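S.K.: This is a predicted model, with the sequence first.
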Amino acid sequence: MSAATAQPPARATGAPITVLGARQAAALPAADPRRLKGLKCRECGRAFPIEPIHVCGFCFGPLEVEYDYDLLARTVSHESIDRGPLSIWRYRDLLPVNELADTGWRVGYTPLQPAPNLGKALGLADLWIKNDSVNPTFSFKDRVVAVASAKAREFGFDTFACASTGNLASAVAAAGIRVGLKTYVFLPWDTEQSKILNALVYGANVVAVKGTYDDVNRLCSEIADQRNWAFCNINVRPYYSEGSKTLAFETAEQLGWEAPDHVVVPIASGSLLTKITKGFGELQKIGLIPEKHIRVSGAQAAGCNPVAEAFGRGWDAVKPVQRPDTIAKSLAIGNPADGYYVLKIVRERGGAVRDATNDEIAEGMRLLAATEGVFAETAGGVTVAVLKQLAQEGIVRRGERVVAYITGNGLKTLDAVAPSLASPPVVEPTLDAFEAFLDTRNG
Amino acid sequence: MAIKLRIPTPLRPLAGGASELAVQGSTVAEALDSLEHDYPGFHERLFDDRGEIRRFVNVYVAGEDIRFLKGVDTPLKDGDEVSIVPAVAGG
């Protein structure tokens, strides 16, 4: 369904339901297709047309979407964005999609909330949480999938697929329903049951693969070579990954069109960190925020820390982890595709990459919930635990305006905190019993 | 040793469009040399100026990344499958 034909559904009584964002999106002028110049190899610079391809045919480097920034600087303004829907599509000019597939779902525009209590606990004076646990399928993956599914439709695919550590599976499964694509999702067989159910419930074809995420990824790369399917993080990856830029766009807009001083981002493949950095860079390039040297730090789990290890040892390349072993399964990518670029960005920008043990991850989840009322999944625990380390080391400075990215919901990974939380007391249903219980507690 | 080599889409034009080729070799390096001999042009795509496998190329023997085996010196046995797979995927 294009933006022009999107209609809010009607109630039985005939009164229209307001679909969040749909009317505004329908009213948006179409994005200028000339803003998309093509794809460009990040390694050797060779140019390619806008097609469902993800690697350079010569050197195998990653392909990235090239925009006409002069055109965007002339046509995109705070006002033009402000006229858009309260979703990622308010930034559609900076996304590689010409025909919007689903404007009636509120993906993105999630809260950026001040975190004074967590800040106090960590010794930080100006800490903010970008809470992406409240997207439609409860993780940031809805952003990248919204872009990828729209692009898959534009390319004419009928099947939408992914290799997932868990969160992506449900995002793809739900988006398939929304935009009318068949879905196949591939997961490691030890993925949390809740995440498998979260994909199955949408009717997706779910395939559990006997192996690690890297095995799943390799298998999917080979399937993508054989079948004419849109694999969102393989042949459609140059478009899919651009969706993560919206986390930077929103952060800047919510701070009053200004970038933070320092961002702390969880790392799985590393794509999220590179695209958040790119997003801030694009806003500076087209004049929507002032120039600023934004510091960037990354967070990994100790049981799958190839980027943190390479950072700590001063390596330029990442040595893959063969057998990840961490409760932060959504970050358990042993061979991160963008690890090399993460190292470059973090070093250039004066940040650091650190890792967190399972105990630190669970403690991070509890600390965030107990101080700010945000229940994050294990990846959020990793981010908070690493933020704590970085604050103690003085790498994240007390006076900096810091944004920590919380990318998934805690209800997806209850098992991670269950062992450390006491069972609630059981009392008889009488006032006397309750008073007696309070006396025991206070006594 | 007769080896089955799986070719990724970006390299298939060099192999007349084939997705699989039969090559000879008792190590990964020999199998890739055999490939270059039969279908010139693969070597410069797979190896960088220093003679190392390019950063964004993964090579698997029977599903195992050769980085965890013996690199290009990984031995092959008759009937092994070697896959060349772009590394930039996932996440």
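M.R.: Nice, thanks for sending it over. Since we're looking at a predicted model, the values are computed, not measured.
S.K.: For chain B, what's the nearest residue on chain A?
M.R.: Ranked by C-beta to the nearest C-beta, the top residue of chain A for proximity to chain B is residue A:269, at 2.3 Å. (C-beta placed from N, C-alpha, C; glycine too.)
S.K.: so which strand or helix has residue 59?
M.R.: All of this refers to chain A. Per DSSP states H and E: residue A:59 is located in neither a helix nor a strand.
S.K.: hmm, I had chain B in mind actually
M.R.: Applying DSSP H and E as the criterion places residue B:59 in strand B:57-61.
S.K.: if we can go back for a sec, so is the residue of chain A closest to chain B in a helix, a strand, or just coil?
M.R.: Following DSSP: H, G, I helix; E, B strand; the rest coil, residue A:269 is assigned to coil.
S.K.: Please name the residues that touch the closest residue to it other than its chain neighbours.
M.R.: Once flanking residues are discounted, residue A:269 sits nearest to residue B:91: 2.3 Å by C-beta to C-beta, 6 or more residues apart in numbering or on different chains. Shown in contact with residue B:91 (C-beta atoms under 8 Å, 6 or more residues apart in numbering or on different chains): A:233, A:241, A:268-272, A:333, A:336-338.
S.K.: What of residue A:191?
M.R.: Taking C-beta under 8 Å, 6+ apart, we find residue A:191 in contact with A:164-166, A:169, A:208, A:329.
S.K.: Among those, name the ones in strands.
M.R.: Within the contacts of residue A:191, residues falling in strands by DSSP state E are residue A:208.
S.K.: Helices of the stretch 251-400 of chain A, residue ranges please.
M.R.: A:271-285, A:306-313, A:339-348, A:358-372, A:378-393 (DSSP state H, counting those that start in this stretch).
S.K.: Could you save those as TSV and add columns showing mean pLDDT?
M.R.: Output for the helices of the stretch 251-400 of chain A, formatted as TSV (pLDDT from 0 to 100):
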stretch	mean pLDDT
helix A:271-285	98
helix A:306-313	97
helix A:339-348	98
helix A:358-372	97
helix A:378-393	98
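S.K.: can you redo the ones you listed as JSON lines with mean neighbour count?
M.R.: Putting the helices of the stretch 251-400 of chain A into JSON lines (neighbours: other C-beta atoms under 10 Å in any protein chain shown) gives the following:
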{"stretch": "helix A:271-285", "mean neighbour count": "23"}
{"stretch": "helix A:306-313", "mean neighbour count": "20"}
{"stretch": "helix A:339-348", "mean neighbour count": "20"}
{"stretch": "helix A:358-372", "mean neighbour count": "21"}
{"stretch": "helix A:378-393", "mean neighbour count": "26"}
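S.K.: circling back: does the strand holding residue B:59 reach chain A?
M.R.: Yes. Strand B:57-61 comes into contact with chain A (C-beta under 8 Å from any C-beta of the partner chain), by way of B:57-58, B:60.
S.K.: TSV please, covering those and showing neighbour count and pLDDT.
M.R.: As requested, the residues of strand B:57-61 next to chain A are exported to TSV (neighbours: other C-beta atoms under 10 Å in any protein chain shown; pLDDT from 0 to 100):
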residue	neighbour count	pLDDT
B:57	21	94
B:58	24	93
B:60	22	95
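S.K.: From these, pick the one nearest chain A.
M.R.: Using C-beta to the nearest C-beta, the residues of strand B:57-61 next to chain A come closest to chain A at residue B:57, 5.0 Å.
S.K.: what does chain B put close to chain A?
M.R.: Contact residues (C-beta under 8 Å from any C-beta) of chain B with chain A: B:6, B:8-11, B:13, B:19, B:45, B:54-58, B:60, B:63, B:65, B:67-68, B:83, B:85-91.
S.K.: Which of those are buried, as a PyMOL select command?
M.R.: Buried residues within the residues of chain B next to chain A, by 16 or more other C-beta atoms under 10 Å in any protein chain shown, are selected in PyMOL with:
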select buried, chain B and resi 6+8+9+10+11+45+54+55+56+57+58+60+65+67+83+85+86+87+88+89+90+91
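S.K.: Helices - which of the residues of chain B next to chain A land there?
M.R.: Of the positions in the residues of chain B next to chain A, residue B:45 sit in helices, assigned by DSSP state H.
S.K.: Need the residues of strand B:57-61 next to chain A in JSON lines (columns: distance to residue A:259).
M.R.: Output for these, formatted as JSON lines (distance: C-beta to C-beta, whole Å):
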{"residue": "B:57", "distance to residue A:259": "36"}
{"residue": "B:58", "distance to residue A:259": "35"}
{"residue": "B:60", "distance to residue A:259": "41"}
